[in-house]
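Student: Generate a structure from the sequence data that follows.
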Amino acid sequence: MDQFPDAEVLLTPKEVAKFFHVNTKTVTRWAMSGELTPIRTLGGHRRYRQSEVLDKLRNYKKWQRKEE
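Tutor: Down below sits the predicted model:
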């Protein structure tokens, strides 16, 4: 049984990088420029909301198609 049914799924920088086929440093740059909103863990690590990442991925793919 799920204890937090409405909890947002959080992704690591590595998981986000795999979605976009980019380096984790690129994900960090996106966070620093405000393109992605990082959530900091108690240990200071960045995590990203899956919903925000998927929205950006949709827009990213549309942008790539326009460039081709």
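Student: For this structure, which segments count as strands?
Tutor: 10-11, 38-40, 46-49 (DSSP state E).
Student: right, and those - which one's nearest N23?
Tutor: Across these, N23 has its closest neighbour in strand 46-49 (14.4 Å, C-beta to C-beta). Just so you know, the C-beta spots here come from the backbone N, C-alpha and C atoms, and that holds for glycine as well.
Student: mean confidence for the closest one?
Tutor: Strand 46-49 comes out with an average pLDDT of 96.
Student: How about residues contacting that strand?
Tutor: 8-13, 16, 27-28, 31, 36-41 (C-beta atoms under 8 Å, 6 or more residues apart in numbering).
Student: now, which of these sits nearest Q50?
Tutor: Of all the contacts of strand 46-49, Q50 sits closest to V9, with 4.0 Å by C-beta to C-beta.
Student: What sits closest to the closest one if chain neighbours are left out?
Tutor: Sequence neighbours aside, Q50 is the residue nearest to V9 in space, at 4.0 Å (criterion: C-beta to C-beta, 6 or more residues apart in numbering).
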